[in-house]
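Q: dropping the sequence and predicted coords here.
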Amino acid sequence: MYDQYYGFTGRPFQLTPDPHFYFESGTHRKAMSYLGYGLAQGEGFIVITGDVGAGKTTLVGHLMNTIDPNRLTAVKLVSTQVEGDDLLRLVAEQFGIEWEGESKAELLRSMEQYLREQARAGRRTLLIVDEGQNLAISALEELRMLSNFQLGGHSLLQIFLLGQPEFRQTLFHSPTLEQLRQRVIATHHLDPMEPEEVEPYILHRLGKVGWTGNPSFSPDAFEAIFDYSEGVPRKLNVLVSRLLLYGAVEQMNRITAQNVRSVVAEIEADRGIDAATLAPLPVDEVVAAAATAAAPTPAPFAPRAANEAAPEWPRRSDEPAAATPAPFAAPAEPARVVALAPQAASEADEAASAPAAPAIDPGHLAALEKQIASLEAQLVEQDAALRRVLDLLIEWVERDPENAPNPAKSQTWAA
């Protein structure tokens with residue numbers, strides 16, 4: 001919608017990685033230097049990591065556009081959670097090698113023959129493995145074995161590994177990957193953009209779709225955009241895309257920091273409202289239900305004889321047994337516990353006039369508090385999952401607004 005209103009030839013802030021929009025920030029420039037160095041070496045592993053949305057895929061796509069296909073055969077593999085043998089089949093498929101019905105030995109022989117043929121034709125072979133954090137240790141070991149193929153003292157295969165930050169932890173701290181670590185010739189971590197790079201980044205992408213100054217951006221708008229996106233390209237793309245849509249709807253020719261704050265508030269409000277609407281039960285109700293299930297009758301605990309053992313409190317299957325009762329601890333949120341039952345006030349009055357009840361067993365209270373804390377933690381996880389789903393829905397709408405759900409037809413779902 002906004003591309004038509006502003007006369008753009010395309011959507012400059014789409015979420016799908018597009019090398020055409022590659023912007024060389026400081027961290028991307030350094031990464032390209034490492035990749036260029038690795039290609040010149042023609043062997044070993046090069047590791048590029050970065051947070052989600054940092055631009056790893058766009059970076060590699062830009063690199064591929066600069067390579068002569070007559071001199072280098074590059075294949076890309078987006079890994080899944082596979083073991084070593086499955087990874088070999090995926091690589092063979094990318095090389096165009098038939099793998100069905102082949103044993104592992106036959107498959108390795110076919111792959112080595114393919115690499116030798118490429119080398120004799122004057123072409124080097126590069127394997128790019130994306131989402132490396134999903135690879136099993138056995139799969140990484142198979143990649144190392146593939147890098148052993150040589151012809152005339154020269155390596156037949158070079159490998160680029162791309163992944164999220166946790167991949168560095170796996171690669172550099174796993175004791176079983178020492179041999180692979182010794183073959184890593186360069187590594188780089190993609191950082192977010194600096195504040196001063198946000199404006200050139202936005203104007204660069206707008207320029208790729210025929211932007212002629214409409215809409216314009218105030219200087220403080222770029223500052224507000226950075227504050228929200230933290231310099232992460234994908235988060236920045238989402239925000240600016242929403243800004244341009246907002247500008248088109250409001251027929252604006254200039255975007256200011258106040259407009260940015262309004263759009264950010266809408267994004268956050270939408271998430272909050274949707275999350276609350278979709279939540280299965282309010283926290284207080286769930287906690288009250290847990291308390292009722294744990295203590296089905298409001299009657300006080302019956303006194304026990306001096307030689308009578310305390311009854312064992314029910315435990316969840318995943319809860320370790322305690323050798324001794326847990327020490328007494330005050331509830332984390334006493335106000336919430338007091339408000340669990342609507343009759344709390346009247347019961348408190350009756351308790352004040354009634355004879356003093358025996359002391360409540362601390363072990364029982366500790367077990368109940370632990371169950372309540374577990375339920376609250378599950379609610380937090382559910383809320384986080386809902387937020388992730390809403391993020392995906394928002395991204396989908398922004399990628400393809402024409403096929404987005406019609407609000408008028410979605411009232412039943414929203415309700």
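A: It's in. Everything numeric in this text was worked out from a predicted model, so none of it was measured.

Q: pLDDT below threshold where in this protein?
A: Residue ranges of the chain with pLDDT under 70: 79-80, 273-360, 384-387, 389-391, 393-415.

Q: how is it divided into domains?
A: 26-190, 195-278 (automatic domain parsing).

Q: can you lay out those as TSV showing distance to H20 and mean neighbour count?
A: (Glycine included, C-beta is placed from N, CA and C.) Converted to TSV, those look like this (distance: least, Cβ to Cβ, whole Å; neighbours: other Cβ atoms under 10 Å):
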stretch	distance to H20	mean neighbour count
domain 26-190	9	17
domain 195-278	7	17
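
Q: E381 is nearest to which of those domains?
A: Among these, the nearest to E381 by Cβ to Cβ is domain 195-278 (12.5 Å).

Q: distance from the chain centre to stretch 132-151, please.
A: Per Cα atoms, centre = their mean, to the nearest Å, the displacement of stretch 132-151 from the mean C-alpha position of its chain is 25 Å.

Q: so how far does stretch 146-163 reach from one end to the other?
A: Stretch 146-163 has an end-to-end distance of 19 Å (criterion: Cα to Cα, to the nearest Å).

Q: and L127, what does it touch?
A: Applying Cβ atoms under 8 Å, 6 or more residues apart in numbering to L127 gives the contacts 74-75, 77, 91, 94, 143, 146, 157-160.

Q: 7 Å - rerun?
A: 75, 77, 91, 157, 159 (Cβ atoms under 7 Å, 6 or more residues apart in numbering).

Q: and of these, the nearest to L244?
A: L77 (34.6 Å).

Q: let me see the backbone angles for the closest one.
A: Dihedral pair for L77: phi -130, psi 120, per degrees, to the nearest 10.

Q: out of everything not next to it in sequence, what's closest to it?
A: Leaving aside its sequence neighbours, L77 sits nearest to V129 (Cβ to Cβ, 6 or more residues apart in numbering; 5.1 Å).

Q: sec struct for the one you found, please.
A: Following DSSP: H, G, I helix; E, B strand; the rest coil, V129 is assigned to strand.

Q: pretty sure it contacts L161?
A: Yes: applying Cβ atoms under 7 Å, one finds V129 in contact with L161, separated by 5.4 Å.

Q: give me the element A269 is part of.
A: helix 257-278 (DSSP states H and E).

Q: what about the most centrally placed residue in the chain, distance to L15?
A: The chain has V52 as the residue nearest its centroid, 5.8 Å off, counting by Cα atoms, centre = their mean. As for V52, its distance to L15 is 12 Å (criterion: Cβ to Cβ, to the nearest Å).

Q: redo the domains of the chain as CSV? Include distance to Q382.
A: Formatted as CSV, the domains of the chain follow (distance: least, Cβ to Cβ, whole Å):
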stretch, distance to Q382
domain 26-190, 21
domain 195-278, 9
